[in-house]
Structures are given as C-alpha cells and as structure tokens.
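Novice: my questions concern the predicted model and sequence given below.
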Amino acid sequence: MLGLLLPSQAVAPYPVLDAARPPFAAAADGRRDAAPALQAALDSAARLGGAEVRVPAGQYRIGATLVLRGHGIRLVGAGAGRTVLRADPALEGPVLLAAGADRHRRVRDVRVEALTADGTGARKRGRTVVVFLQRVEDARVVGVEALASSDIGIGVGDGEPGSASSARVAIIGCVAHDNAGNGFDAANVEDVTFIGNVARRNGGVTRPAAGFFSGHGRTSRVRWIGNVAEANTGVAFHASSGRPDAADQFTRDLEWTGNAARGTVAATGWPGAALLLNRGGPGPTRMDGRYRLVGNRASGNHVDGGRFDGGVAAPEREGDAFGAPARPRGLTGSPRAP
C-alpha cells in the first residue's frame, strides 16, 4: 500500500498530453461531445506506455465511457468543480472506467485526479458507476467528486466471481454524493485504503445503501482512515462477506480509524447504523480475520453504534463509538448486501 506514495514514483518523467489542444482539441463548452477527443488522448497515452493527460477547466460532455486501457495513464483535471465530465443522456455506462483487456487482467499505475464526474444526464438503465476502477493495481484516485450515479459513486474492484481482483489502491480526498447506491465501494480487492473522503446523501428510502461499502468476491486488507459519512440512507460504513451464489468468498482484515458517521437515516431492513458487518447470505461466504476500530466518532445516526449480524463477532475496539453493539429502533427484517 505505501508503495503508492513513494517519491520515486511521484517524480517519474511522464510525457504530458493536453487534451484541449490539437490534435485532440476536446470541446469544453458542455454542448459538443468531448468523449471522442478525450478518448483519443487516453489512447495516445497508452501507446506511449504511459503519459499524463491534462484536462483544463471546463464543462466536458461525455457521450461514451472514457476508458483508461493501458498502464501508467494519469488523467488530471484542474480541480473538482472546475474540470467537469458530465454524462450525456446517451451514456449508459460509467463516465470513467479503468480495466484490463479482459476480466482476468489488470491495468497498473493508473491515476485519476482533480476533476468532477457527474452522472446527472445519463440514462438510468440498470446500475452504473460514475468512476469505476474495475481491475487495477497500484492505482490512485485523488481529489475527485463523483455524483448522481444510478448506482455507485466511486467503485474499486469487480465483484463478479472469477474476475481478477484489484490491489494496492488508494482513494484520497474525494467526495461522493447524491448517488443512488453506495458512495464508495470496494469489492474483490486486496490492500485498499480510503483516506480523508466524504460520502454524503447516498442511497434513498426506496433503495438504501452505504456511504462506504466493502465486500463480495475475495476482499482483504481494506482500511478507512479519517473519512466522513454524512446523511446517507441505510448505513454509514458497511462490510459484507459476499454473495450467496458463489463459492469461497470472504471479507477479512478490515480497519476503521478516525472516521466519523453523522446523520445516517434508517430504512426498512437497514438499521441506520454507524457500522454494519454482516454475511451476504447463507452460501459459503466468510467474515473472518481481524476487524479493528480505533477512535471513530458517531453522532445523530439512527443507531450510533454498530450492528453485527449472521454470527459476525464484534470487532476489536480502542476508544471507539462504532463498535458498541446496538439494536435498531422500530425496524424489522435483516439487512441485505447491496
């Protein structure tokens, strides 16, 4: 995990491509489709064996998913709220996707930084993710705003059985808000860290969700450090062992340190808790290893403590509010995995 931040990597001499200049000339007026030009810049970066694609401030209409196809690609905006990638009504998938050529391969050394990905205009057919790092390793997302997805704001990993996992990923200083599903989601991953992010107003009464979720596939060594989950409907932080329809799934070795859960709203079958740990179903799934809670804070949630279902033991606690077992008030039914 720490290898993501080594100075030797931070100063690597990457070529720089300006997506707003010829030969790419991506339109930043919010009217013309900028996706073909931006994709051409990303594909050029892949052919170079890695490059930084800079996207200046502006409104970029995205009519097709932008795909980071190769190793060593950096997509860098001028700042969240300044460089805005806004989904066109024709878009049916993610705004941004980083993934290997097939479900068994990863892309390495990918960065997405300093931009807004807005799913507001996209068709709501099925469930989509605004920013999706599907099969990656040694990747980082920094200072990104993700909003208005029909499913997840920022997702890492692929929860489908048999897919390659994602590894050594850091999500830092991002905001995911007003998404229909989870704000942040990590599935089928190992060694992933969320640092200083904010999940706000994700989920809803008809479709509860989590501010931060981890589980499905084989998930291990996920850490949440200094994040804030605020006014989400369902739960603030949620970890589940996986889906009941696939063998040998597990979620293990998780840690929450210095996070805050505020104003979580309950919904039918969802406790409105600061923390929920549960098995995803009656199949061959496991919640094991070490679960550690240190110095987390909870206030104004329907349940300020934690709920641990399906035989999941209460985590280790050190000066922590999340780990106090508590029962939801006035709710029936069992929480389900998202």
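Specialist: Alright, I've got the coordinates. Numbering: from 1, shown residues only.
Novice: go ahead and confirm residue 49 touches residue 73.
Specialist: No. Counting by C-beta atoms under 8 Å, residue 49 sits too far from residue 73 to count as a contact (9.8 Å). All C-beta spots, glycine's among them, are computed from the backbone N, C-alpha and C.
Novice: neighbour count winner among the two?
Specialist: Higher neighbour count among residue 49 and residue 73: residue 73, with 30 against 12, using other C-beta atoms under 10 Å.
Novice: you'd agree that one is up against residue 110?
Specialist: Yes. Contact criterion C-beta under 8 Å: residue 73 and residue 110 qualify, at 5.7 Å.
Novice: wait, what's in contact with residue 209?
Specialist: Each residue near residue 209 by C-beta atoms under 8 Å, 6 or more residues apart in numbering is listed here: 179, 180, 181, 182, 183, 202, 203, 232, 233, 234, 338.
Novice: go on, residue 179?
Specialist: 119, 130, 146, 147, 148, 149, 151, 152, 153, 202, 203, 209.
Novice: relative to residue 71, how far out is it?
Specialist: Noted for residue 179: a distance of 29 Å to residue 71, by C-beta to C-beta, to the nearest Å.
Novice: tell me how many other residues crowd the closest residue in space to residue 202 that isn't next to it in sequence.
Specialist: Residue nearest to residue 202 in three dimensions, not counting chain neighbours: residue 183, with 4.1 Å by C-beta to C-beta, 6 or more residues apart in numbering. Neighbour count of residue 183, defined by other C-beta under 10 Å: 34.
Novice: surely residue 183 meets residue 231?
Specialist: No. Between residue 183 and residue 231 there is no contact under C-beta under 8 Å: 10.7 Å.
Novice: what residues does stretch 82-91 touch?
Specialist: 30, 33, 35, 38, 55-66, 77, 95-96, 114-123.
Novice: mind doing that once more with 7 Å?
Specialist: 30, 33, 55-65, 77, 95, 114-123 (C-beta atoms under 7 Å, 6 or more residues apart in numbering).
Novice: so which of the contacts of residue 209 is the most crowded?
Specialist: residue 183 (34 neighbours).
Novice: list the contacts for that residue?
Specialist: 153, 176, 177, 199, 202, 211, 212, 232.
Novice: ok, 6 Å please
Specialist: By C-beta atoms under 6 Å, 6 or more residues apart in numbering, residue 183 lies in contact with 153, 176, 199, 202, 211.
Novice: looking at the residues you listed, which has the most residues close by?
Specialist: residue 211 (36 neighbours).
Novice: right, and that one touches residue 236 too?
Specialist: Yes. Counting by C-beta atoms under 6 Å, residue 211 touches residue 236, with 4.9 Å between them.
Novice: name the residues contacting each of these two.
Specialist: residue 229.
Novice: show residues contacting the longest helix along the chain.
Specialist: Ordering each helix of the chain by length in residues (DSSP state H) puts helix 35-47 first. With contact meaning C-beta under 6 Å, 6+ apart, helix 35-47 is reached by 17, 19, 24-26, 51, 53, 62-64, 66, 68-70, 73.
Novice: just those: which are in helices?
Specialist: Using DSSP H, none of the contacts of helix 35-47 sit in helices.
Novice: wait, isn't residue 235 in contact with residue 276?
Specialist: Yes. Counting by C-beta under 6 Å, residue 276 is a contact partner of residue 235 at 4.4 Å.
Novice: neighbour count winner among those two?
Specialist: Taking neighbours as other C-beta under 10 Å, residue 235 and residue 276 compare with residue 235 leading, 37 against 28.
Novice: so where's this structure uncertain?
Specialist: 1-13, 122-127, 159-164, 242-248, 280-289, 309-314, 324-338 (pLDDT under 70).
Novice: longest strand in it, please.
Specialist: Secondary structure of the chain per DSSP state E: the longest strand is strand 136-147.
Novice: need the nearest residue in space to residue 238, chain neighbours excluded.
Specialist: Nearest to residue 238 is residue 210, by C-beta to C-beta, 6+ apart, at 3.8 Å.
Novice: tell me how many other residues crowd the one you found.
Specialist: So residue 210, with other C-beta under 10 Å, has 33 neighbours.
Novice: now the host helix or strand of it - C-alpha only, PDB.
Specialist: Per DSSP states H and E, residue 210 falls inside strand 209-215. Output in PDB follows, covering the C-alpha atoms of strand 209-215 (Å, rounded to 0.1, in the frame of the first residue of the first chain):
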ATOM      1  CA  ALA A 209     -27.200   2.000   0.600                       C
ATOM      2  CA  ALA A 210     -23.900   2.800   2.400                       C
ATOM      3  CA  GLY A 211     -21.700   5.700   2.500                       C
ATOM      4  CA  PHE A 212     -18.700   3.300   2.300                       C
ATOM      5  CA  PHE A 213     -19.000  -0.400   1.500                       C
ATOM      6  CA  SER A 214     -16.600  -3.300   1.200                       C
ATOM      7  CA  GLY A 215     -17.200  -7.000   0.300                       C
END
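Novice: sheet-wise, list the partners of that strand with their directions.
Specialist: Using DSSP bridges, strand 209-215 pairs in its sheet with strand 184-186 (parallel), strand 234-240 (parallel).
Novice: next SSE downstream of it?
Specialist: Next along from strand 209-215, by DSSP H and E: strand 218-225.
Novice: angle of that following strand against strand 209-215?
Specialist: If you take axes from the mean of the first three to the mean of the last three C-alpha atoms, to 10 degrees, strand 218-225 sits at 130 degrees to strand 209-215.
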